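J.: Compute the structure for the input listed below.
(2 chains)
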Amino acid sequence: MDHFDNNCQQIAKLLLLISSTYISFRTKDTAMIKHDLETIRHSTAHLMAQALIELYPNEKIQLGIGPVIENGFYYDIDTELQIGDEQLPLIEKKMKELIKKKIPIERHEINRQDAIKLFKKLEQPLKVELIEDFPDEEVITYYTQGNFIDLCRGPHVNHTGELSPYFKLLNTAGAYWRGQQDKKMLQRIYAVCFDSKESLKEHLNFLEQAKKRDHRKLGKELHLFHFDPVAPASPFFLPKGAHLYNALIDFMREVYKRYNYQEVITPQVLDAELWHTSGHYEHYHENMYFTKIDEREFAFKPMNCPCHMLMFSNFKYSYRDLPLRYADFGRLHRYERSGVVSGLTRVRTFCQDDAHIFIQPEKIQAEIEQLIEMFFICYKHFDFQDIKVALSTRPEKKVGSDEIWDNAEKALEKALQSSGVDFHINEGDGAFYGPKIDIQVADALKRYHQLGTIQLDFQLPERFDLKYTNQEGQSVRPVVIHRALLGSLERFIGVYIEHVGGAFPFWLAPVQAKIIPVKNELHLEHAAKITQQFSKLGFRIQLDERNETMGLKTRETQKAKIPYMIVIGDQEIEKQTLSLRAYGEQKTSDYSIEETIEIFQKLNQQKLPQGLRDFS
RNA sequence: GCUCACGUGGCUCAGUGGUAGAGCACUUCCUUGGUAAGGAAGAGGUCACGGGUUCAAUCCCCGUCGUGAGCUCCA
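T.: Residues are numbered from 1 along each chain as shown, chains lettered A, B, ... in the order given. Have a look, this model is predicted:
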């Protein structure tokens, strides 16, 4: 211990020397300008730990790790004390007090053995565990601020007065120690931290906006879907939600026509034997629903692939038939563990815009190029402008020869390059059965969501012994490409609701326009005629014939985010016009009925992206 | 699955150890209205479910189910 004390003093002296020669530049508002945000966040994590210990001196608080994350930091701690949302303001207050005290933060170096002794003495077993994993000769650094000591690599600010008061403790949650399921669950406190009042405000505002757009909230408000405990994590689509669902399928069908896909329909419940053949029984058993009937074990399909493999193996195909593209909107069931399900984004029953492409190995690149084109056209159509592409290559555990993988990875990479898209490579992140391309899109709040995926598969063709006859008359194995563009319709609907904030474009909106007569007894008859005229043209139009005020009807139409509101009164009847007000706008415009039809028809044409309308 | 929180009329949410309240929605009546809430009356709840403690539980305790924030998982 004396060796350690000695060491400590020397470092303290040295630090004093350094800090006294350090000229700090301060502006009036920002005390922390000389440090980068990451350092500030990191030091603020320590500050939070110090605040906790000072706030609850009689509690045993064992510190885990407190790293910097996007927008802030967290700290994992182990304590009997239950830290809930009520405690967060108290901790914040304590932290701000400590900032005002300008407590010096000092760096110390120490050898591993002494570090273990020190943190044992401090009764910080989690820290001891961390140090014990360091190599023997490693020089350990720790920091002191007042009576608080924390193991840390640094760097940190010089004293707590340099820290930003623009932080907020957000919430608490459980987290496994060292991220391992078999280890103890610690309490984690999440916080955001910025270097200016404006940035913090902006971020909190962002969180509020995100909350407003939450698809679960909008889904209820706009009568799109609901959930019921009788079917956990399984959405019930109400008429308006079902419209979106079907409209997306219609959309994909139009896309498929232009890219030579053929739609198939396959069974829902299939003999367990099939899932043994496919390998799902061994590897995916935990996530499958089973049922027994006539002493035979069946499973609900969690994926369509095995069905398509059967379909392929039922015929003898020539290379001339390839690529063969089977699309399937079959309903899938996956038993997701209770803690992982959420809204529409992770559910237990869903539908993918799924397709499997059976292809000659040498044709992979061309097919991928076409897929990339199709994906980009479609994502942009839904106004996802920011698209991230990742190529995931072979993992350690894999099937198939290195030669196959080399060719496949090269084909994917070449296809991405020739398509001119930016992409990054996730080394070793591919599925064991083949490399894949994952596509993420940013929504209106710049949050990224994974939608589509393109996966090569060398495994299933093997397991199902798929063959086609090549030009030389030999029987050879095709490669299978799994691909989904929207991903699951449920998830896509969830993401898209948040992207557009529930205000769908005209072509997709469940109700495209609402007709409001000014005075029912004078105008209802005419309004009903107009409604019928538009309905007969296929527009989704609703007549509001309730005896309510215009104010109320206007308010409800706006709240329902219906693209157009059409008011009909004396003036309109006399001039044979319609008063149109677009969603989100204050002003109204008068159009003749014919002009309105033209406007609506034009808007409906946006159903298909330009790139596909002109497709030859 | 794990940790924590939550579950009160269709929706959003108050509330209390002595079996419940508001606003919106709903029904009826009045109002005949020109672009974000006209007025009145009425109906509607085993306070998620099952146990326990108590003279008495919607409230306290335990369990189950569901939901949320995370963690872990994601062929």
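J.: Which residue does the stretch 251-400 of chain A have closest to RNA strand B?
T.: Nearest residue of the stretch 251-400 of chain A to RNA strand B (CB to the nearest atom of the strand) works out as A:Gly339 at 1.9 Å. (Glycine included, C-beta is placed from N, CA and C.)
J.: Could you check how many residues crowd around that residue?
T.: 6 (other CB atoms under 10 Å).
J.: ok, it to A:Phe600 distance?
T.: 46 Å (CB to CB, to the nearest Å).
J.: Tell me the backbone dihedrals of the residue of the stretch 251-400 of chain A closest to RNA strand B, please.
T.: Backbone torsions of A:Gly339, given as degrees, to the nearest 10, read phi -80, psi -10.
J.: got the contact list for it?
T.: By CB atoms under 8 Å, 6 or more residues apart in numbering, no residues touch A:Gly339.
J.: Can you tell me the SS state at the residue nearest to A:Val139 when sequence neighbours are not counted?
T.: Sequence neighbours aside, A:Glu109 is the residue nearest to A:Val139 in space, at 5.3 Å (criterion: CB to CB, 6 or more residues apart in numbering). Judged by DSSP: H, G, I helix; E, B strand; the rest coil, the three-state class of A:Glu109 is strand.
J.: Within range of RNA strand B, give me the residues from the stretch 451-600 of chain A.
T.: Within the stretch 451-600 of chain A, the residues that sit near RNA strand B (CB under 7 Å from any atom of the strand) are A:459, A:518-522, A:547-552, A:554-555, A:558-559, A:565, A:567, A:569-572, A:579, A:581, A:584, A:586, A:588.
J.: mind running it again at 6 Å?
T.: Taking CB under 6 Å from any atom of the strand as the criterion, the stretch 451-600 of chain A approaches RNA strand B at residues A:459, A:518-521, A:547-552, A:554-555, A:558-559, A:565, A:567, A:569-572, A:579, A:581, A:588.
J.: buried subset of the residues you listed?
T.: Among those, those scoring as buried are A:Gln459, A:Val518, A:Thr554, A:Met565, A:Val567, A:Gly569, A:Glu572, A:Ser579, A:Arg581 (criterion: 16 or more other CB atoms under 10 Å).
J.: Out of those residues, which sit inside strands?
T.: Counting by DSSP state E, those place A:Met565, A:Val567, A:Ser579, A:Arg581 in strands.
J.: So A:Val45 is in contact with A:Ile69, correct?
T.: That one is not Val; residue A:45 is Ala. No. The pair A:Ala45 / A:Ile69 is not scored as a contact, 9.6 Å apart, by CB atoms under 8 Å.
J.: who does whatever helix or strand A:His283 lives in touch, helix- and strand-wise?
T.: Secondary structure assigned from DSSP states H and E places A:His283 in helix A:280-284. With contacts taken as 3 or more CB pairs under 8 Å, 6 or more residues apart in numbering; DSSP states H and E, helix A:280-284 sits against helix A:272-278.
J.: A:Ala45 and A:Ile69: who's more crowded?
T.: Per other CB under 10 Å, whichever of A:Ala45 and A:Ile69 has more neighbours is A:Ala45, with 26 against 12.
J.: And the strand or helix carrying that one, what's buried?
T.: Secondary structure assigned from DSSP H and E places A:Ala45 in helix A:37-55. For helix A:37-55, the buried set under the neighbour-count rule, 16+ other CB under 10 Å, comprises A:37, A:39-55.
J.: What residues are bridge-paired with the residue nearest to A:Lys587 when sequence neighbours are not counted?
T.: Distance criterion CB to CB, 6+ apart; nearest residue to A:Lys587, sequence neighbours excluded, is A:Arg581 at 7.3 Å. Note on A:Arg581: beta-bridge partners A:Met565, judged by DSSP bridges.
J.: Check the one 10 residues further on too.
T.: Each beta-bridge partner of A:Tyr591 is listed here: A:Leu578, as defined by DSSP bridges.
J.: Report the contact partners of the residue in the stretch 1-150 of chain A that RNA strand B sits nearest to.
T.: Here the stretch 1-150 of chain A gets closest to RNA strand B at one residue, A:Gly84, 5.2 Å apart by CB to the nearest atom of the strand. Shown in contact with A:Gly84 (CB under 8 Å, 6+ apart): A:Thr172.
J.: Which secondary structure state does it sit in?
T.: Under the three-state scheme (three-state DSSP), A:Gly84 adopts coil.
J.: And it, what's its pLDDT?
T.: Listed pLDDT for A:Gly84 reads 84.
J.: quick one: the nearest residue to A:Glu413 once chain neighbours are set aside from A:Gly339, how far?
T.: Closest residue to A:Glu413 apart from its sequence neighbours, by CB to CB, 6+ apart: A:Leu391 at 6.2 Å. Note on A:Leu391: its distance to A:Gly339, by CB to CB, is 31 Å.
J.: got a pLDDT number for A:Trp177?
T.: Confidence score, pLDDT, at A:Trp177: 95.
J.: In contact with A:Leu244, which residues?
T.: A:Leu224, A:Phe237, A:Ile493, A:Phe504, A:Leu508, A:Pro510 are the contacts of A:Leu244 under CB under 8 Å, 6+ apart.
J.: If you rank those residues by neighbours, which is first?
T.: A:Leu224 (25 neighbours).
J.: hang on, that residue packs against A:Tyr245?
T.: No. Counting by CB under 8 Å, A:Leu224 does not reach A:Tyr245; the two are 9.4 Å apart.
J.: Mutual contacts of those two, please.
T.: Residues touching both A:Leu224 and A:Tyr245 (CB under 8 Å, 6+ apart) are A:Phe237, A:Ile493.
J.: What's the first helix or strand after the helix holding A:His283?
T.: Counting by DSSP H and E, what follows helix A:280-284 is strand A:290-293.
J.: buried sites along the very next helix or strand once past that next one?
T.: For strand A:290-293, the succeeding helix or strand toward the C-terminus, using DSSP H and E, is strand A:296-300. Across strand A:296-300, burial judged by 16+ other CB under 10 Å covers A:Phe298, A:Ala299, A:Phe300.
J.: do stretch A:602-616 as well
T.: In stretch A:602-616, counting by 16+ other CB under 10 Å, buried: A:Leu603, A:Lys607, A:Leu608, A:Pro609, A:Leu612.
J.: would you turn those residues into TSV with secondary structure?
T.: Listed next are the buried residues of stretch A:602-616 as TSV, based on three-state DSSP:
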residue	secondary structure
A:Leu603	helix
A:Lys607	helix
A:Leu608	coil
A:Pro609	coil
A:Leu612	helix
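J.: Out of these, the closest to RNA strand B would be?
T.: Of those, the one sitting nearest to RNA strand B (CB to the nearest atom of the strand) turns out to be A:Leu603, at 18.7 Å.
J.: Surely the closest one is in contact with A:Trp507?
T.: Yes. When contacts are counted by CB under 8 Å, A:Leu603 is listed as touching A:Trp507 (6.3 Å).
J.: Need the pLDDT of the nearest residue to A:Ile65 once chain neighbours are set aside.
T.: Among residues not flanking A:Ile65 along the chain, A:Asp76 sits closest, at 5.7 Å (CB to CB, 6+ apart). The model reports A:Asp76 with a pLDDT of 96.
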